[in-house]
Structure formats: structure tokens, C-alpha cells
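J.: for reference, the sequence and a predicted model appear below.
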Amino acid sequence: MSATFVLVTGAWHGGWAWRPVARHLRSAGCRVFTPTLPGLRDGDDPTVHTLTDVIDSVVGLVEREDLHDVTLLGHSWGGYVITGAAHRLASRLRRLVYWSAFVPAEGRTLYDEVPPHYRELFDAQAQASGNNSVELPFEVWQAGFMQDASEQAQRLAHGLLVPQPMQYFTAAVEPLDPARLGVAATYLLGEDDRALPEGEYGWARFADRLGVAPAAAPGSHEACFTRPAELAESFLKA
């Protein structure tokens, strides 16, 4: 039986961001679902939905398609989404995979987990937006998210991003214990991921919350664009 993946994007992205990776996974015989989450479709009103709505949408997809033995994978902010969904989908899951993703702790939101300069950016963007949304400045994207690409490619991908509802960053979800849930978990850490600084606020701390050692994944935070074949292979090995 072929593997089934549900791939959940990080902030500012839609399901379109998985297309290069999904193509490689499908070539390997996998079923792949790449939902664009509520509030992150082009033209969506950022004020309408909550993080609970986003989690509901992923649960609804898996149940509607009657998927079983699913590898549920979240990238970056998507770690909050797959954690929330996992509590309700445990019997349908084969594995949880966090790729350079936040792993929630009790009572802590993504806003609580990022360095002060990101919190200041999010606050300023949300206040200036008029609709409580956050845009990612190109300079931040270029230096820390997709630094392993040409400027032309950086600008092309950045131009497709949509504003992120701020309330998605300020809501907590119930943490999980994979062993107690009965679902295996893997943490993939980008080898050249600069979206978070090393140290106190770095990605490495999140594998500890799952009780696993991180495994290496290729490239930057946006390796889904820059190294999709290798990234797909790391997903298959997970």
C-alpha cells in the first residue's frame, strides 16, 4: 500500500508551496494532500478564522477523505496545526513529522516562542494592517528563510505569500506526548535553517519536547522550493 501524506504549510503559505515536493512524493507512489488552510487563501479575510478553525479543517480533510495510516507533516507554524489535529486523528495516523516546526508546550503560543525582534515585528505589522494580520518583509525572507536561492527566485516566492492572521500566532494548543498518544513522531531539522537563531530560541529545542533526537533535512527554511527532491526523500525516510 502506498504511503499517504498530509502536508501542512507554515505561516504565509498555501498548499501551492508543496507542489515541487508533492510531485516527487507522488512519483514515489505516495498519495499526497496539500491543503490551503482557512485564512491563507488569496483574498481571505484575516479576521474571520481562529486557530481552532484551521485545526478543524485538517481534521475534516482526513475524515472526509477517510484517510488512514497517514503521515501528518507540519512545517514551521504548521507544528501547532498538526499537534492540535493529532489529538483527534490518532487512530488514523502512522506518524507525525515536524519539519523545522514549532512543537507546542503547555500554555505557550508561537508568539511566546519567537525572539523579541519577531514579536516586535508581528506587533507592528498587526497594528498597522487594519485587519490584525502580519506580512513577512522581503528582507527578512531573503536573509533568514530562503537565503539559498537567487534573488529572482526569492522575489518570485515571496510575491506569492499572503498575510498571516495574527490570532494564529497568539493561540495555544494542547501539547502532546507521542508515546501516550500512540503515534510515532519525527523531528526534521533543516541543516541551513536560519529562520530562528541558534541558542535559546533555536529550532533544536523542539525535538526535546517530542522526546526524540532531530534528524537532518536539507537546505534552508524554504527547502520546499530550493531542494524539493532531497526534502521529499527526507520525508520518505522519516
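T.: Good, I have the coordinates.

J.: so who does His221 touch?
T.: Taking CB atoms under 8 Å, 6 or more residues apart in numbering, we find His221 in contact with 76, 100, 144-146, 190, 193-195. For the C-beta atoms, the positions are set from N, CA and C on the backbone; glycine is no exception.

J.: what do you get for Cys30?
T.: Taking CB under 8 Å, 6+ apart, we find Cys30 in contact with 2-5, 236.

J.: which among these end up buried?
T.: Buried subset of the contacts of Cys30 (neighbour count, 16 or more other CB atoms under 10 Å): 3-5.

J.: ok, which stretches of the protein are helices?
T.: 19-27, 51-64, 78-89, 110-113, 116-129, 138-140, 151-158, 178-181, 205-210, 223-226, 228-237 (DSSP state H).

J.: which strands and helices sit next to the last one?
T.: This means helix 228-237. The helices and strands touching helix 228-237, judged by 3 or more CB pairs under 8 Å, 6 or more residues apart in numbering; DSSP states H and E, are helix 19-27, strand 93-101, strand 215-217, helix 223-226.

J.: before we move on, what about the shortest one?
T.: When contacts are defined as 3+ CB pairs under 8 Å, 6+ apart, helix 138-140 packs onto helix 151-158.

J.: now the helix it packs on: average pLDDT?
T.: Across helix 151-158, pLDDT averages out at 98.

J.: now swap in stretch 32-43 and tell me
T.: 97.

J.: now stretch 71-80
T.: Taken as a whole, stretch 71-80 has an average pLDDT of 98.

J.: repeat for stretch 206-220
T.: Stretch 206-220 shows a mean pLDDT of 97.

J.: how far does that stretch sit from its chain's centre?
T.: 14 Å (CA atoms, centre = their mean, to the nearest Å).

J.: what does it contact?
T.: Against stretch 206-220 from outside (CB under 8 Å, 6+ apart): 79, 98-103, 105, 145-149, 175, 177-179, 185-195, 203-204, 223, 226-227, 230-231, 234, 237-238.

J.: give the buried subset of those residues as a PyMOL selection command.
T.: Here is the PyMOL selection string for the buried members of these, based on 16+ other CB under 10 Å:
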select buried, resi 79+98+99+100+101+102+103+145+146+147+148+149+178+185+186+187+188+189+190+193+194+195+203+223+226+227+231+234+238
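
J.: got any ranges where this structure has weak pLDDT?
T.: For the chain, the stretches flagged by pLDDT under 70 are 1.

J.: most centrally placed residue in it?
T.: In the chain, the residue lying closest to the centroid (CA atoms, centre = their mean) is His75, at 2.3 Å.

J.: run through the residues that contact the closest residue to it other than its chain neighbours.
T.: Once flanking residues are discounted, His75 sits nearest to Gly10: 4.5 Å by CB to CB, 6 or more residues apart in numbering. For Gly10, the contact set (CB under 8 Å, 6+ apart) comprises 74-78, 101.

J.: then Asp123?
T.: Contacts of Asp123 (CB under 8 Å, 6+ apart): none.

J.: if I look at it, how far off is Val54?
T.: Distance check for Asp123 against Val54: by CB to CB, to the nearest Å, it reads 21 Å.
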